[in-house]
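Enquirer: show me the folded form of this:
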Amino acid sequence: MKCAAVALLAVTVLAGCSADPLAQQYSEGTNQNYISGDGSLTTIAPEDRADPVSFTGETGEGTEVSSDDYSGEVLVVNFWYAACPPCRVEAPDLEALHSDFEGNGASFLGVNVRDQADTAKTFEAETGISYPSVIDANDGNLMLAFAGTVAPNAVPTTLVIDKQGRVAARFLGLIDSPTALKTIIDETIAEAD
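Expert: Numbering: from 1, shown residues only. Reported below is the predicted structural model:
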């Protein structure tokens with residue numbers, strides 16, 4: 001049963017990508033006018049993590065969000081924008097993981113680094129993203145908040161923040177394996193408080 005569910009998820013993800021021209025272009029390796037991260041993963045042992053990162057921002061719906069809202073739980077922060085091909089490829093995987101972890105020790109927060117609210121909300125509706133995204137295009141406050149620790153140097157970049165608000169891991173570029181992100185989230189949730 002589990003194998004069938006995994007196979008169905010893979011078919012669904014692939015079908016979603018083929019309907020999206022930018023995602024399809026990226027998947028085919030024709031990265032016209034786009035430079036992305038190298039897909040590297042950096043993990044940081046608890047004893048080596050920097051100080052907690054404090055941030056505030058506003059979602060496309062006008063809701064204020066801050067690091068305090070996520071205190072005591074793991075937070076996955078994904079830096080993206082609508083015309084970013086690898087962002088479009090990984091969006092269904094991030095939403096699936098968000099659904100798996102919702103209410104189970106981890107939350108997700110998007111950070112749109114380039115678009116205004118209307119464009120971001122359209123992308124979220126098209127890709128089925130249900131977790132909130134901060135619109136960071138005008139002031140870059142969230143990008144700056146993380147710049148001193150493990151900077152989001154490419155788009156997409158996904159950070160896993162521990163229960164104390166410290167960066168535990170960074171995926172630089174497309175997350176090739178959602179399983180790797182799931183494992184890091186699980187391990188970060190399991191860490192002692």
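Enquirer: pass me the low-pLDDT residue ranges in this protein, would you?
Expert: Low-confidence segments of the chain, defined by pLDDT under 70, span residues 1-36.
Enquirer: which residue is nearest the middle of it?
Expert: By C-alpha atoms, centre = their mean, the mean C-alpha position of the chain lies nearest to Asn78, the distance being 2.4 Å.
Enquirer: so is Ala169 in a helix, a strand, or just coil?
Expert: Three-state call for Ala169 (DSSP: H, G, I helix; E, B strand; the rest coil): strand.
Enquirer: typo on my end, it should be Asn153
Expert: coil.
Enquirer: for it, give its distance to Asp186.
Expert: 26 Å (C-beta to C-beta, to the nearest Å). Placement of C-beta: from N, CA and C, glycine included.
Enquirer: how many residues are close by Val150?
Expert: 22 (other C-beta atoms under 10 Å).
Enquirer: gap between the nearest residue to Asp176 once chain neighbours are set aside and Gly103?
Expert: If the residues on either side of it in the chain are set aside, Asp176 comes closest to Gly39, at 5.5 Å by C-beta to C-beta, 6 or more residues apart in numbering. Noted for Gly39: a distance of 30 Å to Gly103, by C-beta to C-beta.
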